[in-house]
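Trainee: build the 3D model from these lines:
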Amino acid sequence: MNGDLLYEEYLRPGTAGYAVISAFYFRYADALSRLGLSNIDDVVHEVFLSLSSADLENVRNPSHYLLRAVKLHCWTLLDKALRVKRTMTSADEADELPGDPGHPAEMEGTDLLAHINLFKAGLGAKEREVLNLLIDDTERSAIAAAMALNMNTLDTTIRRLRLKLAEHLRRLGYSEKTLERFL
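Mentor: Residues are numbered from 1 along each chain as shown. The predicted structure follows:
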């Protein structure tokens, strides 16, 4: 496809392709900056370079094809940025000690605790009390005695709380490996 035509019809500000790129850029700007894509024009240029060599002679609906290709290329850029982040993080972690403030493991624990506290706010009083006692490493028998519950009822409550918490964290984007300790 002709480069001028591609730019004028799909990548110029005000076109559908530009709208897709700008929405994507503003959502993932911090991740894309790791690739040196500091503004939206850099992303448009990357997409333009990849699409300018596309052969559209045998494509039934070129407009649809190009818009879909713009979206896919944006996701490819994000994937590259995340791989760069993982590489940078693993190199940085070699220099840090786990007890250092700001260490990724400590930050993850802090974030997880914040999400658990938000989860607790949505629970009923009894469920919240059970969860607080579990977090404090209280024995099940002591929890049952303190709350005047049958052990079977307490076990059912604990199982349901674990499943609710795992689902809550799954919706927030935590990995299955992180959730294993709650199931």
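Trainee: quick one: which helix or strand includes the nearest residue to residue 138 once chain neighbours are set aside?
Mentor: The shortest distance from residue 138 to any non-neighbouring residue, by CB to CB, 6 or more residues apart in numbering, is to residue 146 (7.8 Å). (C-beta placed from N, C-alpha, C; glycine too.) Residue 146 is part of helix 140-147 when elements are defined by DSSP states H and E.
Trainee: got the CA coordinates for that helix in CSV?
Mentor: Taking Å, rounded to 0.1, in the frame of the first residue of the first chain, the C-alpha atoms of helix 140-147 are listed here in CSV:
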residue,chain,number,x,y,z
ARG,A,140,-9.3,-22.8,64.3
SER,A,141,-10.4,-24.2,67.7
ALA,A,142,-9.8,-20.8,69.3
ILE,A,143,-11.7,-19.0,66.5
ALA,A,144,-14.6,-21.5,66.9
ALA,A,145,-14.7,-20.9,70.7
ALA,A,146,-14.4,-17.1,70.4
MET,A,147,-17.2,-16.9,67.9
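Trainee: buried sites along that helix?
Mentor: Buried residues in helix 140-147, counted by 16 or more other CB atoms under 10 Å: 143-144.
Trainee: what is the subsequent helix or strand relative to it?
Mentor: The first helix or strand that comes after helix 140-147 along the chain, using DSSP H and E, is helix 151-171.
Trainee: and that next one, what does it pack onto?
Mentor: In this structure, helix 151-171 makes packing contacts with helix 104-121, helix 125-135, helix 140-147, helix 176-179, judged by 3 or more CB pairs under 8 Å, 6 or more residues apart in numbering; DSSP states H and E.
Trainee: which of the helices and strands in the protein ranks last by mean pLDDT?
Mentor: The weakest-scoring helix or strand in the chain, judged by mean pLDDT, DSSP states H and E, is helix 104-121 (a mean of 66).
Trainee: state the number of residues packed around residue 138.
Mentor: A count of nearby residues for residue 138, using other CB atoms under 10 Å, gives 13.
Trainee: ok, now residue 86?
Mentor: Applying other CB under 10 Å, we find 10 residues neighbouring residue 86.
Trainee: try residue 113
Mentor: Per other CB under 10 Å, the neighbour tally for residue 113 reads 11.
Trainee: do you know how far it is from residue 119?
Mentor: Distance, residue 113 to residue 119, using CB to CB, to the nearest Å: 10 Å.
Trainee: flag every buried residue along the longest helix along the chain.
Mentor: Taking DSSP state H as the criterion, the chain has its longest helix at helix 62-95. In terms of neighbour count (16+ other CB under 10 Å), helix 62-95 has its buried residues at 66-67, 69-71, 73-74, 77-78, 80-81.
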